[in-house]
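>>> Quick one, fold the following:
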Amino acid sequence: MRQLDRRSLVAGAAALAIGLGALALTPMPAAAQQGDQIYGSQLMTEQERMEYRERMRNARTQEERERIRSEHHMMVQERAKQRGVELPPEPPAGRGGGMQMHKGGGMGRGG
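Model (predicted):
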């Protein structure tokens, strides 16, 4: 390979590496990192979001998850009111979109 071609190749590779490095350093919103959405997450600290996710993961029943969601909803609504922020009255459909496990272990539409 000629000297000029090698320099062009090295310069192009360096530019690509710098571009990819900058892309990797671009912060991603926490919800996007986790693949889920938490109602009112913009009013929560990262620690609060992690604790909420942990509580939901550790919930043993659908009723316990609903109780956690309800408590969270009230807390976020109160925080929004204090800060003068308007949130939608209801959280977006969460993961599962109303799907529940049935006794047979399969997924089915909740009701």
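>>> In the protein, what residue spans correspond to helices?
In the chain, the helices defined using DSSP state H lie at 3-25, 30-34, 46-58, 62-83.
>>> Confidence-wise, which of those is weakest overall?
Mean pLDDT values for those show the minimum at helix 30-34, a mean of 45.
>>> ok, Ser70 - contacts?
Contact partners of Ser70, counting by C-beta atoms under 8 Å, 6 or more residues apart in numbering, are absent. (C-beta placed from N, C-alpha, C; glycine too.)
>>> Relative to Val76, how far out is it?
Ser70 is 11 Å from Val76, where distance means C-beta to C-beta, to the nearest Å.
>>> Quick one: residues contacting Gly40.
So Gly40 contacts 72-73, 76-77, 79-80, 87, 91 (C-beta under 8 Å, 6+ apart).
>>> what's the domain layout of this structure?
When the chain is parsed with automatic domain parsing, its domains come out as 1-29, 38-88.
>>> tell me how far the ends of the longest one are from each other?
Same thing as domain 38-88. Terminal residues of domain 38-88 lie 13 Å apart, using C-alpha to C-alpha, to the nearest Å.
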